[in-house]
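Q: The following block contains a protein sequence and its predicted model.
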Amino acid sequence: MTDQAEKKHSAFWGVMVIAGTVIGGGMFALPVDLAGAWFFWGAFILIIA
C-alpha cells in the first residue's frame, strides 16, 4: 500500500459545497411549496426561480 498525502481543500471548495447543498435543497423544496398553488402561480414561480 502506498501512503497518499492528505489533500487540503481551499475555502472556495467549502463555499461551493455549501452553495450546492443550498441549491439542491431549494430544488427539492420547490414541488412541496408549489403543491398548494394553482397551475398559473406554480408556473410563474418556477419561471422566476
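A: Arrived safely, thanks for sending. Predicted model only: the values in this text are computed from it and were never measured.
Q: helices and strands around the host helix or strand of Phe12, which ones?
A: Taking DSSP states H and E as the criterion, Phe12 maps to helix 11-34. Helix 11-34 is packed against helix 39-48, with contacts defined by 3 or more Cβ pairs under 8 Å, 6 or more residues apart in numbering; DSSP states H and E. For every residue, glycine as well, the C-beta is placed using N, CA and C.
Q: Let me see the mean pLDDT of the helix it packs on.
A: What helix 39-48 shows for mean pLDDT is 82.
Q: cool, stretch 9-26 as well?
A: Computed over stretch 9-26, the mean pLDDT rounds to 91.
Q: Need the contact partners of it.
A: For stretch 9-26, the surrounding residues in contact (Cβ atoms under 8 Å, 6 or more residues apart in numbering) are Ala49.
Q: With stretch 32-49 instead?
A: Contacts of stretch 32-49 (Cβ under 8 Å, 6+ apart): 26, 30.
Q: How far off centre is that stretch?
A: Distance of stretch 32-49 from its chain centroid, counting by Cα atoms, centre = their mean, to the nearest Å, is 18 Å.
Q: If you count neighbours, what's buried in it?
A: 34, 42 (16 or more other Cβ atoms under 10 Å).
Q: With that, I have no additional questions.
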